[in-house]
Structure formats: C-alpha cells, structure tokens
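Asks: Got a predicted structure here, sequence first:
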Amino acid sequence: MSASSPLPHRKIGTSGLDVSLLSLGSWHTYDRMDFADAVAMIRAAVEAGVNLFDVGVYGMPGHPPVFTDVLWSAIIRAARIPRDDYLVSAKLWIEGFGDQGFRPQLENAFLRGGFDVADLVILGDLRRDDVALEDLVEDLAGLSRSGLIRAWGVNNWSAGNIARLREIAEALQVPGPQIAQLKYSIGRRSIPDGEPFARLFADGFVMQASDVLEGGILAGRTKLTREIGRDPGDVRKRITRDAPKVVQAAEELGTSAARLAVAFTLTHPANVTTLFGATRMEQLEDNLAAVDLVEQVGAEQIRALVEPFWADRDAVDPEGP
C-alpha cells in the first residue's frame, strides 16, 4: 500500500465502531515469531492504519497450551501503542457458556491479553444444541451494560441462526449481533455470496472475512506445516490443486497470490474488514498492498479472474454452515 493511500476504515453496523479494512489475527502467529520482529510488525501495521486486532484465547483440554494472546499483550505494550489507537476483538466459546454466562471467559481473556474492555466479541461456532439463543443474547446484553464489551458478533453461524439472534435482541430491546466472521476466500464463497446472507447484508448486517488464505495454501504454500481451520464441504484438496493456478493468475497480473487472495475479499460489499495473520513484515506489506490492487485493477475484474477457482460452489449449502 502506498503512502498516498491510507488504509480505509468502515463502520460495524450501528455499533459506532470504526474499523480498518484490514485486521490482524493472533491464531498461530506471535508464538512463531521473534519478539522484536513482532513488535516492529505490529508498530508498522498500526502506522499503516490497522486498528483492529483479533485476540482469541485458544487451546483445548488435552492439547499443548497456547500463549499467542499473552504474547500479543507483551508485543502491543513493547510497541508503545496507546490503547485509544486500537480495537480488540475477543473470542467467546459457546462450549464454555455455563451458569455464569460468558463473564469468566471474558475476564480470562482480559487477564491474558492485558485489556479491560473488549471492543468486539465474536461467539465461536455453534456446536451445542443445549444452549438457548435467548440466554446468549441476554448475557451479552448484561456484559454490554456493564461496560465490558462494546459490540458483538458471531463466527461461522448460519444466516438463519443469526436472523433469530437479531429477532430475539429486537424483542428484548437490547443490542444484537452486528457482524459475522465468515470463511471467505477465492475458494470458499458459497455462504457469504449466497442468498440467505445477502438478505442479512441488505438489512445492514456486515461481515469480517477470515481464513482468506486457507492457511497459506492460496499464497502458494501447499505443504501444511501447522494446524489450519476446518474444511466445510471437504474442498481443501481442490483448493490445493488450484493453488498453482492462482499463483499463475497473480503473476500474469503482476502481483502475488496472497495479495490477489486478500484483494478478492475486499470486493464483497458487506465485508468491512478482512482478517489475516502475518509472521513476517513482508507478509504484512503484501497484504496491505491488496487495497491498492483493488483500486488499480477493479473489483469486477478481480472477481472474474478468480471465478474458476471457486471450490465450494456446489459443495456447501449457502444457508450453512
């Protein structure tokens, strides 16, 4: 991204949150970096206009502990970034929702991440059928009234369940979900581009694109060296097969595959911020330059160029996940 092209910001629904068009995630990133390099990268991101950091508490019983969020806390302090200059998006997991609601999880996130207000919280995938949606909405409303969160959204929920959350919130006259963090990439488009979500987007709901590089596969790194997200529709093999063609298409355009992949996500009109992870300064710079690529090439041409690589077109129900 050139110095003459500041990173645009967009609004998350009616929340009042003004977020950068690109945002940085923490999953499998900071725990793979040299600390000084991470500090320099975060400082460069903020200087470029990035103001949203997704900082999740990851790790599961029986698995090795994960400290990427704790490292982020130290990195942001070492970078001397004032708290007023960035927003924090925290993850809350439905699996951990119990008698005390989400508050224990949130307080743990505060402890590990070194912040005391979550500007945005994103509810993890809905994998339980014994939790009433009404209870989730009421609990989040309480956290909002307490000043602990400013807005909330969901991660990879179905359009139908999001619509139900919005109906419940309206009936209770409390804030409802404002944003969905959805898998959206050159290869995975069926859900965000489908009619069910189109109806939500037409009503002011917005999206944060995530998993945009398919764990690096769409950047040309087809040999996986770390854990990546789940594979709805079982299309990762096709995405991997298409990856060299994506690289070739990018080269013909005079750019990188990663930059093209990020640029594609920016062409969706409901996408207010694209979430990516970076472990090297050059990755950050390449992804930031995707904003200029859209301006230079045009959204329609970019979407037409990658149309052949839509892997989940007939494999995933748009009403999903």
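Replies: Here it is on my side, so go on.
Asks: Number of residues surrounding the nearest residue to Gly101 once chain neighbours are set aside?
Replies: Nearest residue to Gly101, sequence neighbours excluded (CB to CB, 6 or more residues apart in numbering): Asp139, at 3.8 Å. In short, each C-beta sits where N, CA and C put it, glycine included. Applying other CB atoms under 10 Å, we find 16 residues neighbouring Asp139.
Asks: and what of Leu21?
Replies: Around Leu21 there are 21 other residues, counting by other CB under 10 Å.
Asks: buried set for the helix or strand where Asn108 lies?
Replies: Using DSSP states H and E, Asn108 sits in helix 103-113. Buried residues in helix 103-113, counted by 16 or more other CB atoms under 10 Å: 105-106, 109-110, 112-113.
Asks: do the same with stretch 139-159
Replies: 139-141, 143-144, 148-159.
Asks: quick one: terminal-to-terminal distance for that stretch?
Replies: 21 Å (CA to CA, to the nearest Å).
Asks: switch to numbering from 22
Replies: New numbering, starting at 22: the last item is stretch 160-180.
Asks: Can you give the distance from it to the centre of its chain?
Replies: The chain centre lies 16 Å from the centre of stretch 160-180; the measure is CA atoms, centre = their mean, to the nearest Å.
Asks: can you pull out the helices in this protein?
Replies: With DSSP state H, the ranges of helices along the chain come out as 56-69, 89-99, 124-134, 154-166, 180-193, 216-223, 257-274, 278-286, 302-309, 311-318, 320-327.
Asks: looking at those helices, which is buried most?
Replies: With neighbours taken as mean count of other CB atoms under 10 Å, the helices of the chain reach their highest mean count in helix 278-286, at a mean of 27.
Asks: Can I get it in CSV? Just the C-alpha atoms.
Replies: This file holds the C-alpha atoms of helix 278-286, laid out as CSV (Å, rounded to 0.1, in the frame of the first residue of the first chain):
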residue,chain,number,x,y,z
ALA,A,278,-1.1,-14.8,-5.0
ALA,A,279,-1.5,-13.7,-1.4
ARG,A,280,-2.2,-10.1,-2.4
LEU,A,281,-4.7,-11.3,-5.0
ALA,A,282,-6.4,-13.5,-2.4
VAL,A,283,-6.8,-10.7,0.1
ALA,A,284,-7.9,-8.3,-2.7
PHE,A,285,-10.7,-10.6,-3.7
THR,A,286,-12.2,-10.5,-0.2
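Asks: now the angle between helix 302-309 and that helix, please.
Replies: Angle, helix 278-286 to helix 302-309, by axes from the mean of the first three to the mean of the last three CA atoms, to 10 degrees: 30 degrees.
Asks: what's the angle from helix 278-286 to helix 257-274?
Replies: Going by the same axes, to 10 degrees, helix 278-286 makes 100 degrees with helix 257-274.
Asks: Next, report how far helix 278-286 is displaced from the centre of its chain.
Replies: Distance of helix 278-286 from the chain centroid (CA atoms, centre = their mean) equals 15 Å.
Asks: Give me the angle between that helix and helix 311-318.
Replies: Put simply, helix 278-286 runs at 70 degrees to helix 311-318, going by the same axes, to 10 degrees.
Asks: Give me the angle between helix 278-286 and helix 320-327.
Replies: Going by the same axes, to 10 degrees, helix 278-286 makes 130 degrees with helix 320-327.
Asks: Quick one: list the elements packing against helix 278-286.
Replies: Secondary-structure packing of helix 278-286 (3 or more CB pairs under 8 Å, 6 or more residues apart in numbering; DSSP states H and E): helix 257-274, strand 292-297, helix 302-309, helix 311-318, helix 320-327.
Asks: With distance to Gly119 and mean pLDDT as extra columns, can I get those in TSV?
Replies: Formatted as TSV, the helices and strands packed on helix 278-286 follow (distance: least, CB to CB, whole Å; pLDDT from 0 to 100):
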stretch	distance to Gly119	mean pLDDT
helix 257-274	34	95
strand 292-297	28	98
helix 302-309	38	97
helix 311-318	40	97
helix 320-327	43	97
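Asks: Now render those as CSV, adding distance to Asp120.
Replies: Shown next, in CSV, are the helices and strands packed on helix 278-286 (distance: least, CB to CB, whole Å):
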stretch, distance to Asp120
helix 257-274, 38
strand 292-297, 32
helix 302-309, 42
helix 311-318, 44
helix 320-327, 47
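Asks: start to end distance for stretch 302-319?
Replies: 26 Å.
Asks: now Lys258: how far from Leu42?
Replies: 31 Å (CB to CB, to the nearest Å).
Asks: And Lys204, by the same measure?
Replies: 18 Å.
Asks: now Val158
Replies: In terms of CB to CB, Val158 sits 29 Å off from Leu42.
Asks: Just confirm Ser36 contacts Ser165, I think it does.
Replies: No. In this structure, Ser36 is not within contact of Ser165 by CB atoms under 8 Å, at 10.1 Å.
Asks: Quick check: neighbours shared by those two?
Replies: Contact criterion CB atoms under 8 Å, 6 or more residues apart in numbering; residues bridging Ser36 and Ser165 by contacting each: 171, 196.
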